[in-house]
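A.B. asks: Sequence first, predicted coordinates after that:
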Amino acid sequence: MKTTALGLIAACAFVGGAQAGGLERGGYNIDLLFDPGQYTFESGVVYVAPDRTLKNVRDTDATSQPGGLSLNARPNSVDETESYFVPRVGLKATLTEGVECLADYSQPWGAHTKPGSNWAGANQNIETKVNSHNYGLTCSYRFDLGPGQVRIIGGGFYQQVDGFKERLVIDPVAAGLGSLTGVGRLDLEGDGYGFRVGAAYEIPEYALRASLVYNSQVKLDDITGTLDLRQVGQTVENVYGSAEMPDSLELKLQSGIAPDWLAFGSVKWTDWSQLQKVRFYRVGTTTERTSLDLGYRDGWTVSGGIGHKLNDQWSVAGSVTWDRGTSQGFGAQSDTWTFGTGVSYTPTDNVEFRLAGALSILTSGSSGAVTIDGESYGSDVSYDYGTDLAAAVSTSLKVRF
């Protein structure tokens, strides 16, 4: 049960966590480090199709438009979200008795909203996209203690983050810009390093494991980019800024509860509140040119589920995940409930296939002008959003050799 349980938990957690708040996509996952094989390769991908609709949209700041004109003649309802894939690859190796290491690639952070230009909030967002690439190495040392084993965990990772944002800077018709679109674009990229430390206690004969892992923040101290205002009749400027991708702390538990039955759960805190306004300045000066307004609060994710081994080849599992929305009256990231199910097929001792699906309920809310820690957000556009849905499916392959 221990071996199949690991796969099922990973499948349900991966498909459930891909709709978490903030900029989270795949997050951090080192469960492969616990695989009992001497050498184990794993590859997987999750596809997420969210469906968030913004309604009752109003341009609440007409002062930036020529003659005080607003965008409220444009449609006041729009689909905001885009579907996306999240891949991951890992290789775990047992170096010597009690010492194991995991090298992995993942995409922990990301975002993609694309409401387009034909809506009343185009002066806030036309398209925003964030990508990430994470390369990690994590090792553990395992030794006996009591009826089980203690595992000390440590490692590091290198992270690259890039993205862009487009918004309507000025109404091209009212401003008489001719063939120009009035759209401004910010491109950016940065990188940094982080580390993780943790510990786990395992009793293999009961499929019992408790782990606590801390992932540090990643300081992007040298974000570089360009602010392209050529479609507004201006020029391209080089800009710079800094940000910190959040640290997190996650507690995971699992245990056999009856023959061929296993329960699992987790609680994770993510420090999204450190991402408020990411300011960008003209290179060579301290003149602020633009900012990415996020206004997040800390994220909490709580998950639980049950797994059952049907026979030596087939196992199934189900999970429920609650993710606290990171929006604070600005933005559309409300609480999310995700219901996932997964199946594991092991035709041989060395090969395992997993397939999981999930349905997320995105709760309702509204966005408008708010003040967070003395900073103003959302004064340009207000809108509501109802209860929406997101669907996800993941598949993965594990090979032991």
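C.D. replies: Yep, it's here.
A.B. asks: in the stretch 151-300 of the chain, which spans are helices?
C.D. replies: 172-175 (DSSP state H, counting those that start in this stretch).
A.B. asks: let me fix that: the stretch 1-150 of the chain
C.D. replies: Applying DSSP H, counting those that start in this stretch to the stretch 1-150 of the chain gives helices spanning 2-17.
A.B. asks: which stretches of it have low pLDDT?
C.D. replies: 1-19, 62-69 (pLDDT under 70).
A.B. asks: could you redo the last one with a cut-off of 90?
C.D. replies: 1-22, 25-27, 36-37, 46, 50, 61-71, 73, 81 (pLDDT under 90).
A.B. asks: what's the burial count for the nearest residue to residue 111 once chain neighbours are set aside?
C.D. replies: Spatial nearest neighbour of residue 111, excluding adjacent residues (Cβ to Cβ, 6 or more residues apart in numbering): residue 130 at 4.4 Å. No exception for glycine: its C-beta is placed from N, CA and C like everyone else's. Neighbours of residue 130 under the rule other Cβ atoms under 10 Å: 18.
A.B. asks: Could I get the contacting residues of residue 130?
C.D. replies: 23, 109-112, 161-163 (Cβ atoms under 8 Å, 6 or more residues apart in numbering).
A.B. asks: Same check on residue 395?
C.D. replies: 44-45, 353-356.
A.B. asks: hang on, it in a strand?
C.D. replies: Yes. The assignment for residue 395 (DSSP: H, G, I helix; E, B strand; the rest coil) places it in a strand.
A.B. asks: That one and residue 46, how far apart?
C.D. replies: 8 Å (Cβ to Cβ, to the nearest Å).
A.B. asks: With residue 203 instead?
C.D. replies: Applying Cβ to Cβ to residue 203 and residue 46 gives a distance of 30 Å.
A.B. asks: State the helix or strand in which residue 384 lies.
C.D. replies: strand 381-385 (DSSP states H and E).
A.B. asks: Parallel or antiparallel, which strands does that strand pair with?
C.D. replies: Sheet pairing for strand 381-385, assigned by DSSP bridges, gives strand 53-59 (antiparallel), strand 365-367 (antiparallel).
A.B. asks: among those, which is nearest residue 134?
C.D. replies: strand 365-367 (29.6 Å; Cβ to Cβ).
A.B. asks: which residues touch residue 120?
C.D. replies: 57-59, 70-76, 381.
A.B. asks: one more time with 7 Å, if that's ok
C.D. replies: 57-59, 71-72, 74-76 (Cβ atoms under 7 Å, 6 or more residues apart in numbering).
A.B. asks: Could you find the closest non-adjacent residue to it?
C.D. replies: residue 57 (4.4 Å).
A.B. asks: Neighbours of the residue nearest to residue 164 when sequence neighbours are not counted, how many?
C.D. replies: Sequence neighbours aside, residue 187 is the residue nearest to residue 164 in space, at 4.7 Å (criterion: Cβ to Cβ, 6+ apart). By other Cβ under 10 Å, the residues close to residue 187 number 16.
A.B. asks: My read is that residue 187 contacts residue 225, right?
C.D. replies: Yes. Contact criterion Cβ atoms under 7 Å: residue 187 and residue 225 qualify, at 5.0 Å.
A.B. asks: sorry, back to before: using JSON lines, please lay out the strands paired with strand 381-385 together with distance to residue 193.
C.D. replies: Formatted as JSON lines, the strands paired with strand 381-385 follow (distance: least, Cβ to Cβ, whole Å):
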{"stretch": "strand 53-59", "distance to residue 193": "37"}
{"stretch": "strand 365-367", "distance to residue 193": "34"}
